[in-house]
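> below are the sequence and a predicted model for it; my questions follow.
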2 protein chains.
Amino acid sequence: MRVSVKRGRPPGMMDVARLAGVSHQTVSRVLNEHKNVSEQTRLKVRAAIAELGYRPNRTARALVTGTSKVIGVVAPNTALYGPSSMLTAFEQAAQESGFAVNVGSVRSLNERSIADAVERHLDQRVAGLVVIAPVASAGPALARLPEDVPLVTIDGDPERASTLVTVDQVAGARAATEHLLEAGHSTVWHISGPADWFDAAGRVRGWEEALKAAGAEQPPLLTGDWSAESGYRNGKLLARLPEVTAVFTANDHIALGLLRALSEHGRRVPEEISIVGFDDVPQAAYYTPPLTTVRPDFDAVATAGVELLLAQIESGTPDLSARRTIAPTLIPRDSVAPPPAR
Amino acid sequence: MRVSVKRGRPPGMMDVARLAGVSHQTVSRVLNEHKNVSEQTRLKVRAAIAELGYRPNRTARALVTGTSKVIGVVAPNTALYGPSSMLTAFEQAAQESGFAVNVGSVRSLNERSIADAVERHLDQRVAGLVVIAPVASAGPALARLPEDVPLVTIDGDPERASTLVTVDQVAGARAATEHLLEAGHSTVWHISGPADWFDAAGRVRGWEEALKAAGAEQPPLLTGDWSAESGYRNGKLLARLPEVTAVFTANDHIALGLLRALSEHGRRVPEEISIVGFDDVPQAAYYTPPLTTVRPDFDAVATAGVELLLAQIESGTPDLSARRTIAPTLIPRDSVAPPPAR
DNA sequence: TTTCTTTGTGGGAACGCTCCCGCAGCGATC
DNA sequence: GATCGCTGCGGGAGCGTTCCCACAAAGAAA
């Protein structure tokens, strides 16, 4: 049952001013913590604000200042673990800095829809933009926006000049692959994410680098799409290849599908085949067997992203060269063991 | 490389008016698709808009109309499958109706933080509010907001008078339990979600009802918290009880933890124990064995929610009795079988 | 003393829209 | 032929802030 609150127009600055016996301007000064307000009047104004339950109209402020305490986040509209974790982490980080978050998600990651989402945000006069669009097609969409809008890209194109926060995919993948190699496997197979994602590309590169550094032979690359289904599909193939003893998957869900395909074919993990995933979804510790994986720190990404964005907003100058790389950590569990003796 | 776009103040309505040779008022009329504008001038104005690349300033509009084309969503700040799926579904549905979405997530679901999130949204002059806060403590927080702000509650308190969209948890749980009973099990155990969630309570109720209707004995209730860990913890207990042959878990992640506990104790699914989950997370089909589960249609929830909200926004009158219930569907897979012959 | 700065305050304009009202032109009605 | 209503359009006020400038009082420097 909602209590009845009459609100024939909520109180405005003028009402506060009148009650406090000062001018609207003085109220504004108190609100914005300006100097040159005597302690006495400050108190009077504060009291009036409290009495009326006054809350400043952010819309009006936005109109006159041309900007608002809102940051826009562009993200792919999926339940994908990475992006959705990022989104909540961003919301949290922004909130702690007094900013609200406007989401403008895009269903498909093509240039057009990303550009649309950006435009929508600009119409709302957001103070800055965070773009989580880890695909190449985001580049052109971002290229055409005005120079002076603060922008931070997450896991974006390393080649593009722009403020960038990335999880170090390459290092993470390298660590995963090395972990497998060190367990004694002669080589490591890889089921990748979708080819157009930078994340997926980085993981492929880390895998290749680790293999090359160890002088291991590089097996053909299998391509997935982040889904368990793609892990299953590729897994059915791998299960029939007796020489595969170690697989690094681009994420945990692919690993899950792989796990199931292997189990169906009676191949045991980790006794016959070792697996390392990526993401450390909360469930990974309860897969059968518990999955060794690589954990990116999404909170750190979000914190760094907001920090960089706020710096731009305050300075007014987008710093195109500011970068931040977050190193992921390997979480060893039970899905890795030495290869079977032949 | 961002292209340099000068923007010494973006074009305003006046600029368009001047270029088209009409008054600002006429431009406004064209924009808002008012009648009483001749086709001829409409075209002229449209041309001027296109030439200048004019985009209306939503902030100014919001100031004068007192509302904006933004809906606020209050959701728990978690990566939980349900809430985060809802969030993206809402964003999608809102976008299709021309609304942007402001998220104001809350870290903990207590009255205070929910009230804060609501206040933040109100400051932004959102047109309406969607609250995904499926716990009892949300009630009081919502009770104190002004009568005239459009509000839709998702999976909220059925007792409270307010516009409500809910997944029919009771029916879903009943279907899950009946499915197990029909397979021949004499009774069904249940690992619930956190006690303060309405979702969890509804699922418990459905389970109880189905048991009672079938005249089956009701085993003690085990309590989880949506996490795989809680499924594992309770699973270790269940695994040692030879009489349990069927378990309905409050969500798929709990089922995953249970699956693992059972596997560690050498108890086979579904040969010895059958399991039904809830949510149908995309990975459920790739658990070992593939999980029989109940799928709530989050898109339908979001669509209904936005529809109800927009109706309120347009009418200006919150319809406290409007309700919508979305029936979930049972997805049979391989985790259910008849009980072992004794 | 006179002048200059500093501190606290108030009065308006402006931000970019929408809303209210007025008004000319024109066909329909009495 | 006068009155009415309808269509198409423009002028101005106002939304609730912040920003720019003015100005009085009080102290510091000349």
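Okay, I see it. Residues are numbered from 1 along each chain as shown, chains lettered A, B, ... in the order given.
> now do the helices in chain A.
Remark: helices assigned in chain A by DSSP state H are A:13-20, A:24-31, A:39-52, A:58-65, A:81-96, A:111-123, A:138-143, A:169-182, A:198-213, A:228-239, A:252-264, A:298-315.
> pick out the shakiest of the ones you listed, pLDDT-wise.
Per-stretch mean pLDDT for the helices of chain A is lowest at helix A:138-143 (a mean of 85).
> is that helix positioned near chain B?
Yes: for helix A:138-143, a contact with chain B is found by Cβ under 8 Å from any Cβ of the partner chain, at A:142, A:143. In this view, the C-beta of every residue, glycine as well, is placed from N, C-alpha and C.
> show residues contacting that helix.
A:109, A:111-112, A:114-115, A:118, A:131, A:133, A:151, A:153, A:156-157, A:160, A:162, B:1-3 (Cβ atoms under 8 Å, 6 or more residues apart in numbering or on different chains).
> please pick the buried ones from those residues.
Buried residues within the contacts of helix A:138-143, defined by neighbour count using 16 or more other Cβ atoms under 10 Å in any protein chain shown: A:109, A:111, A:114-115, A:118, A:131, A:133, A:151, A:153, A:156-157, A:160, A:162, B:2.
> reformat the residues you listed as JSON lines; add distance to DNA strand D.
JSON lines is the format used below for the buried ones among the contacts of helix A:138-143 (distance: Cβ to the nearest atom of the strand, whole Å):
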{"residue": "A:109", "distance to DNA strand D": "37"}
{"residue": "A:111", "distance to DNA strand D": "36"}
{"residue": "A:114", "distance to DNA strand D": "32"}
{"residue": "A:115", "distance to DNA strand D": "30"}
{"residue": "A:118", "distance to DNA strand D": "25"}
{"residue": "A:131", "distance to DNA strand D": "27"}
{"residue": "A:133", "distance to DNA strand D": "32"}
{"residue": "A:151", "distance to DNA strand D": "22"}
{"residue": "A:153", "distance to DNA strand D": "28"}
{"residue": "A:156", "distance to DNA strand D": "32"}
{"residue": "A:157", "distance to DNA strand D": "35"}
{"residue": "A:160", "distance to DNA strand D": "32"}
{"residue": "A:162", "distance to DNA strand D": "27"}
{"residue": "B:2", "distance to DNA strand D": "26"}
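> out of these, show me where the pLDDT dips lowest.
Of all the buried ones among the contacts of helix A:138-143, residue B:2 carries the smallest pLDDT score, 41.
> report the contact partners of the closest residue to residue A:285 other than its chain neighbours.
With Cβ to Cβ, 6 or more residues apart in numbering or on different chains as the criterion, residue A:285 has its nearest non-adjacent residue at 6.4 Å, and that residue is residue A:333. Residues near residue A:333 by Cβ under 8 Å, 6+ apart: A:284, A:285, A:289, A:290, A:291, A:292, A:293.
> report pLDDT for the residue nearest to the fourth one when sequence neighbours are not counted.
Closest residue in space to residue A:290, ignoring its immediate chain neighbours: residue A:333 at 4.0 Å, by Cβ to Cβ, 6+ apart. Reported pLDDT at residue A:333 in the predicted model: 97.
> please tell me how far residue A:333 sits from residue A:147.
47 Å (Cβ to Cβ, to the nearest Å).
> now residue A:338
From residue A:338 to residue A:147 the distance is 55 Å (Cβ to Cβ).
> give me the residue from the stretch 101-250 of chain A nearest DNA strand D.
Closest contact between the stretch 101-250 of chain A and DNA strand D, by Cβ to the nearest atom of the strand, is at residue A:125 (12.7 Å).
> can I assume that residue is in contact with residue A:71?
No: between residue A:125 and residue A:71 there is no contact under Cβ atoms under 8 Å: 11.3 Å.
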